[in-house]
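Participant: output the structure for:
(one chain, ligands or ions: 1)
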Amino acid sequence: MESKPTQRKAEPHQPTPVEKDGDTQPPVPEGARAPRQQLHRKIAAWFRKHPGMALAILVFATYVLILRNYSKLPSGVVMFNKDTLAAYNGKKNSPLYLAILGEVFDVTKGRRLYGEEKGYGGFVGRDGTRAFVTGDFTPRGLIDDVEGLSPEQLKSLIEWRAFYHKQYTFKGRLVGPFYDGAGRPTRLLRRVEEDAAKAKSEEELQREAEAKWPSCNVRWTESEGGTVWCDGGAYPRKVFLQLPGGKPTTKCACFAELGWSDIRQVYPDCAPDATSCKV
Ligand code: HEM
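Facilitator: Next up, the predicted model:
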């Protein structure tokens with residue numbers, strides 16, 4: 001059974017909508033809602049009568065929504081697909097375009113490197129992202145697949161992309177694994193960027209650790225086995241490192257002072273004041 005709420009009056013002891021919400025707007029009188037509901041009913045009845053028109057309106061609304069999505073692209077960003085990019089191959093005097101991580105660049109000014117039959121000509125007219133870290137410039141290697149690349153390799157890709165932004169002209173985005181049809185970064189691209197950023201900060205921490213604790217010299221021969229030693233009268237110590245997000249690791253570092261501790265150990269069978277140890 002359907003109730004008719006429009007005619008019901010508010011009980012005097014009940015809080016008004018203003019008190020409930022803490023809103024400062026005056027409450028809408030109950031009676032004022034009736035015309036709106038009547039209008040809704042009229043519209044629903046009209047749609048039931050004209051199902052064809054209802055469908056047309058639905059299709060139009062979807063189209064408008066899609067267009068609105070496209071217009072969210074940063075202004076001036078052109079979308080390429082495989083075919084439109086392939087046309088910029090330098091043939092018939094066309095410009096030379098390449099893509100890396102789904103971003104398209106005009107590399108025409110580097111014709112001596114990217115022209116037909118030149119060493120890096122294979123990059124032109126396609127997204128050959130993977131080859132930037134594998135060095136495989138064959139058609140099998142010049143692909144946009146980044147599966148199985150290490151965080152360090154992903155970081156290198158990001159650096160190559162920055163290089164193209166600096167040296168060449170950015171032309172647009174390529175629909176594919178890194179950008180969807182509306183020009184939005186895909187989840188894959190976000191993961192690549194995140195993993196690359198992690199690799200970068202880990203490398204920075206490694207560099208800091210290296211600067212703090214300079215590495216020992218290391219030698220290994222079949223007859224003598226391994227030897228570590230320090231120059232300038234410093235003492236070799238086995239240092240235990242735990243970098244954030246990384247696995248625990250050890251390295252041989254040189255220290256000017258003689259001390260040792262749990263994380264800065266003297267090598268077994270080596271005097272604390274020796275400057276060279278067998279390992
Ligand atoms: C993973 C391996 C490699 C990749 C992905 C790679 C990629 C590239 C790219 C894309 C360029 C063009 C840069 C630009 O637009 O200015 C370039 C230039 C160049 N590369 Fe490589 N390269 C690789 C290995 C090597 C090796 C092993 C050598 C040397 C034996 C080398 C020597 C050069 C030279 C001399 C240039 C030209 C620099 C110039 O004249 O401006 N590359 N490389």
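Participant: pull the helix or strand with minimum mean pLDDT from the chain.
Facilitator: Least confident element among the helices and strands of the chain, by mean pLDDT, DSSP states H and E: helix 17-21 (a mean of 35).
Participant: tell me which helix or strand comes right after that helix.
Facilitator: From helix 17-21 onward toward the C-terminus, using DSSP states H and E, the following helix or strand is helix 33-49.
Participant: that following helix: how far from the chain's middle?
Facilitator: Relative to its chain's centre, helix 33-49 lies at 48 Å (Cα atoms, centre = their mean, to the nearest Å).
Participant: what's the neighbour count on the residue in the chain positioned nearest to the ligand?
Facilitator: As assessed by Cβ to the nearest ligand atom, the ligand sits closest to Gly135 within the chain, at 3.1 Å. Backbone N, C-alpha and C define where each C-beta goes, glycine included. For Gly135, the neighbour count with other Cβ atoms under 10 Å is 7.
Participant: show the backbone phi and psi for it.
Facilitator: Dihedral angles of Gly135 (phi, psi; degrees, to the nearest 10) stand at phi 70, psi 10.
Participant: let's see the pLDDT reported for it.
Facilitator: What the model reports as pLDDT for Gly135 is 97.
Participant: same thing with Thr108?
Facilitator: 97.
Participant: kindly report the same for Arg68.
Facilitator: We have a pLDDT of 52 for Arg68.
Participant: likewise Lys251?
Facilitator: Taking Lys251 on its own, its pLDDT is 90.
Participant: tell me the contacts of it?
Facilitator: Contact partners of Lys251, counting by Cβ atoms under 8 Å, 6 or more residues apart in numbering, are Trp213, Ser215, Lys238, Val239, Leu241.
Participant: show the subsequent helix or strand relative to whichever strand or helix holds it.
Facilitator: Per DSSP H and E, Lys251 falls inside strand 249-255. Next in sequence after strand 249-255, counting helices and strands by DSSP H and E, comes strand 264-265.
Participant: need the contact partners of that following strand.
Facilitator: By Cβ under 8 Å, 6+ apart, strand 264-265 touches Arg237, Lys238, Val239, Phe240, Ala253, Phe255.
Participant: host element of the nearest residue to Leu149 once chain neighbours are set aside?
Facilitator: Nearest non-adjacent residue to Leu149, counting by Cβ to Cβ, 6 or more residues apart in numbering: Val133, 6.3 Å away. Following DSSP H and E, one finds Val133 within helix 131-134.
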